[in-house]
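Q: Everything below, folded, please.
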Amino acid sequence: MDEVKTLIPKSTPKDVFLHLLGVVTLYGSAISFITLVFQLINTWFPDPLAYDYGTSESIRWSASMLIVMFPVYLLVMWHINREQKANPTLREIRVHKWLGYLTLFLSAITIIIDVVTLVYNLLGGELTARFVLKVLTVLVVAAIIFYYYFMDLRNKNIGGTHE
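A: Numbers count the residues shown, from 1 in each chain. Predicted coordinates:
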């Protein structure tokens, strides 16, 4: 058992920084993307009874955040994956596992709440095209994130970086 512990490197401050930056920019990108799509849905399927609470402002903010955060996420993950390819034991460091499982947990909870919301509105007879498109947006984004991190934690080949 001590032999196994010595093979797994300890997390360095650099590892913590990169992994935290990766998940924060992932979450920010996902939220910005969902907000952007929601606002576009609101624009394409206007509700005549709802007041426009700065839709164009929300589109600008979410697009701005997405334009900055998603490339940062891709760059950070490219760097992490490159280091893990050079040293596969880095896949076993605690910060990688903890943040990976936290991301799995958050995406699973998001999927569950999204489906509960869909069923609740279905039972209430309150399904509109706007609502269904928004539920599908959240479901697809959360499912993609869940799948990516699930496969990553199972050490499957994601993006050609793992064996």
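Q: Poorly predicted segments of this structure, please.
A: Along the chain, segments meeting pLDDT under 70 span 1-6, 51-54, 156-163.
Q: cutoff 50 now
A: 1, 160-163 (pLDDT under 50).
Q: what ranges do the helices span in it?
A: 2-7, 13-44, 55-86, 94-123, 129-153 (DSSP state H).
Q: Just send these back as JSON lines, with mean neighbour count too.
A: Using the backbone N, CA and C atoms, a C-beta is placed for each residue, glycine as well. Shown next, in JSON lines, are the helices of the chain (neighbours: other CB atoms under 10 Å):
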{"stretch": "helix 2-7", "mean neighbour count": "7"}
{"stretch": "helix 13-44", "mean neighbour count": "17"}
{"stretch": "helix 55-86", "mean neighbour count": "15"}
{"stretch": "helix 94-123", "mean neighbour count": "15"}
{"stretch": "helix 129-153", "mean neighbour count": "17"}
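Q: wait, what's in contact with the residue nearest to residue 141 when sequence neighbours are not counted?
A: Distances taken as CB to CB, 6 or more residues apart in numbering place residue 30 nearest to residue 141, at 5.3 Å, with adjacent residues excluded. Residue 30 makes contact with 141, 142, 145, according to CB atoms under 8 Å, 6 or more residues apart in numbering.
Q: So the second one sits against residue 104, correct?
A: No: in this structure, residue 142 is not within contact of residue 104 by CB atoms under 8 Å, at 10.6 Å.
Q: quick one: contacts for residue 79?
A: residue 18.
Q: Apologies, that question was intended for residue 72.
A: Taking CB under 8 Å, 6+ apart as the test, what residue 72 contacts is 21, 25.
Q: Perfect, that will be all.
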